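Q: here is the input, now give the coordinates:
(2 chains)
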Amino acid sequence: MLHEFEFRAPRTRAELLGVLADHGGLAKLMAGGTDVIVNLRAGGIKPRVVVDVKQVEGYGALTWSDTDGLVIRPATTINDLLRMPGLRERFPLLVACAHDLASYQIRNRATVIGNIVNASPCADMAPALLCLDARAVIASQAGEHEVPMREFITGVKRTVLLPGEVLDRVVVPASSVGARGGYAKLKRISGHDLGLVAVAVHKHGGELRVAVGSAAPTPVLVSGLKETDDAATVVAAAQAAISPISDLRCTKEYREHMVGVYIRRLLREVA
Amino acid sequence: MMRITVTVNGQVYERDVPGHRTLLHFLRQDLGLTGSKEGCGAGECGACTVLLDGHSVNACLVLAPEVDGRCVETVEGQAKDGKLSTIQDAFNRNHAVQCGFCTSGMVMSVQDLLVRTPKPSDDDIKEAIEGNFCRCTGYLQIIEAVRDASGRTEGKGGLKHA
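A: So this is what the prediction gives:
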């Protein structure tokens, strides 16, 4: 049983922002529900109102243009993204991360934006969006403002979003097309599982980036490396940037070691 | 309470539901359709898998008010006039059922797969059922049943544990 709350499904963005303004911190935004309903059931959150964003006009749109890049809206599911024609050619790292997120039926519900707003250290979409220089466009009744993805997640399950605000869209710039990338996630089983640690490697125009999940309070981006850097340099830079902990899934030493193993593997695979 | 109208296995139901009722509890308790099982209640096990407008979803992670105006298919919609569906028949013939707790969710995930991909590869099959846990565990027989349901009869018994 879930605790009692009021369910709202606004049809327009103005109505959505009005509901959020009225209820402030007592409102919980929900998209696919694959994290929110789990948290409701566990009693981790007790909102007065759950606000479904999927019915908002325009929030199901997923668009690409050479000028605006890829624009991802709040109702776009992981499988919507994976089914988008031409996406693998433009953003192979985005596809790799999306395909590794949970199970098929979860991917039918879970959304790209929900994965980011949930702000888990193991969020699968974060490494790709960090490497690809995505931007977060935040809306409230006061208007819109934009923050880079690397500033959006601020801690474990924490983001820059304030009560009354919604992550209206995530934009992956067209300038990131042509980047090569790969993703590797260490799991306890070969089926779907939370990552013990996950690594993305991204090469674009001579620059090398590494993003690491499940190895710090937030997903970590290491930028400014060069494609010509040797593996030892890249591994050392990544290991210096992370702060893994030991928990019931594995030790911090194992996480740190496997970050090195995966970086070396991906540097070979991402030609 | 909110009034919702939902089509389940082709039949239209109109019911009042509280905002916090999950689709799974709505199906099991309000409509008496207990084929969909509650294993974990958290989207891990897939025993509650149903189709929502044709897409497989965990019914434990859907709120009943969300399905207003939409179509849900559950395992109860599989057999027609006392005759098993192709998928159910293939599960039966390939010994893909042991305790049966995962079976209704498995069957619905396979239904989604075979509509999208009538001739799935073994990798397609494994991806489609990766969110459905069988703890008996009869994955090999289940994969063979899906092959059978899709008309592939060669290579029976040739599967190895991954």
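Q: quick one: A:S243 from A:V212, how far?
A: Distance, A:S243 to A:V212, by Cβ to Cβ, to the nearest Å: 10 Å. No exception for glycine: its C-beta is placed from N, CA and C like everyone else's.
Q: what about these two, which has more around it?
A: For A:S243 versus A:V212, the count of surrounding residues by other Cβ atoms under 10 Å in any protein chain shown is larger for A:V212: 27 against 12.
Q: so where is the stretch 51-200 of chain A shaky, pLDDT-wise?
A: Applying pLDDT under 70 to the stretch 51-200 of chain A flags no residue at all.
Q: for chain B, give me its nearest residue in it.
A: A:S103 (2.5 Å; Cβ to the nearest Cβ).
Q: show the contacting residues for the residue nearest to A:L93 when sequence neighbours are not counted.
A: Using Cβ to Cβ, 6 or more residues apart in numbering or on different chains and skipping residues adjacent in sequence, the residue nearest A:L93 is A:G181, 3.0 Å away. Counting by Cβ atoms under 8 Å, 6 or more residues apart in numbering or on different chains, A:G181 makes contact with A:P92, A:L93, A:A96, A:A128, A:C131, A:A200, A:V201, A:H202, A:K203, A:V270.
Q: quick revisit: quick check: closest non-adjacent residue to the residue of the stretch 51-200 of chain A closest to chain B.
A: Ranked by Cβ to Cβ, 6+ apart and with sequence neighbours excluded, the top spatial neighbour of A:S103 is B:G131, at 2.5 Å.
Q: in contact with that neighbour, which residues?
A: Applying Cβ under 8 Å, 6+ apart to B:G131 gives the contacts A:A102, A:S103, A:Y104, A:Q105, A:I106, A:H192, B:G43, B:G46, B:T49, B:N58, B:S109.
Q: what do you get if the cut-off is 7 Å, keeping everything else the same?
A: With contact taken as Cβ atoms under 7 Å, 6 or more residues apart in numbering or on different chains, B:G131 is in contact with A:S103, A:Y104, A:Q105, A:I106, A:H192, B:G46.
Q: among those, name the buried ones.
A: A:S103, A:Y104, A:Q105, A:I106, A:H192, B:G46 (16 or more other Cβ atoms under 10 Å in any protein chain shown).
Q: and which of those residues is nearest A:P148?
A: Taking Cβ to Cβ as the measure, A:P148 sits nearest to A:I106 out of the buried ones among the contacts of B:G131, at 27.6 Å.
Q: domain map for the chain?
A: Reading this off chain A. A:6-52, A:62-175, A:183-269 (automatic domain parsing).
Q: meant chain B, my bad for not saying
A: Per automatic domain parsing, the structural domains of chain B span B:2-77, B:86-149.
Q: of all those domains, which one comes closest to A:V147?
A: domain B:2-77 (28.8 Å).
Q: can you list the residue ranges for strands in the chain?
A: No chain was given, so I picked chain A. In chain A, the segments counted as strands under DSSP state E are A:6-8, A:27-30, A:49-52, A:62-65, A:69-72, A:135-140, A:143-148, A:153-155, A:158-159, A:166-172, A:180-186, A:197-204, A:207-213, A:220-226.
Q: can you look at chain B instead?
A: Per DSSP E, chain B carries strands over the ranges B:2-8, B:11-17, B:49-52, B:55-58, B:71-73.
Q: could you dump stretch A:60-77 to PDB, C-alpha only?
A: Output of stretch A:60-77 as PDB, limited to C-alpha atoms (Å, rounded to 0.1, in the frame of the first residue of the first chain):
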ATOM      1  CA  GLY A  60       6.000  13.800 -25.200                       C
ATOM      2  CA  ALA A  61       8.000  15.400 -28.000                       C
ATOM      3  CA  LEU A  62      11.400  14.200 -28.900                       C
ATOM      4  CA  THR A  63      13.000  16.300 -31.700                       C
ATOM      5  CA  TRP A  64      16.200  16.600 -33.600                       C
ATOM      6  CA  SER A  65      17.400  19.500 -35.700                       C
ATOM      7  CA  ASP A  66      20.800  20.600 -36.900                       C
ATOM      8  CA  THR A  67      20.400  24.000 -35.200                       C
ATOM      9  CA  ASP A  68      18.800  23.000 -31.900                       C
ATOM     10  CA  GLY A  69      20.300  19.500 -31.500                       C
ATOM     11  CA  LEU A  70      18.400  16.800 -29.700                       C
ATOM     12  CA  VAL A  71      15.600  18.100 -27.400                       C
ATOM     13  CA  ILE A  72      14.400  15.600 -24.800                       C
ATOM     14  CA  ARG A  73      11.100  16.400 -23.000                       C
ATOM     15  CA  PRO A  74       9.900  15.000 -19.600                       C
ATOM     16  CA  ALA A  75       7.600  12.300 -21.000                       C
ATOM     17  CA  THR A  76      10.300  10.800 -23.300                       C
ATOM     18  CA  THR A  77      10.900   7.200 -22.100                       C
END
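Q: tell me which residues in that stretch are buried?
A: For stretch A:60-77, burial by neighbour count (16+ other Cβ under 10 Å) applies to A:L62, A:W64, A:G69, A:L70, A:V71, A:I72, A:R73, A:P74, A:A75, A:T76, A:T77.
Q: and the contacts of it?
A: Contacts of stretch A:60-77 with the rest of the structure, by Cβ under 7 Å, 6+ apart, involve A:31-32, A:53-54, A:58-59, A:80-81, A:84, A:91, A:107-113, A:167, A:169-174.
Q: also near chain B: which of these, exactly?
A: Among the contacts of stretch A:60-77, the residues that sit close to chain B (Cβ under 7 Å from any Cβ of the partner chain) are A:N108, A:R109.
Q: near chain B, which residues of the stretch 51-200 of chain A show up?
A: With Cβ under 7 Å from any Cβ as the criterion, the stretch 51-200 of chain A meets chain B at residues A:D52, A:S103, A:Y104, A:Q105, A:I106, A:N108, A:R109, A:S190, A:G191, A:H192.
Q: on that earlier part again, highest average neighbour count across the strands of chain A?
A: When the strands of chain A are scored by mean count of other Cβ atoms under 10 Å in any protein chain shown, the highest mean neighbour count falls to strand A:197-204 (a mean of 26).
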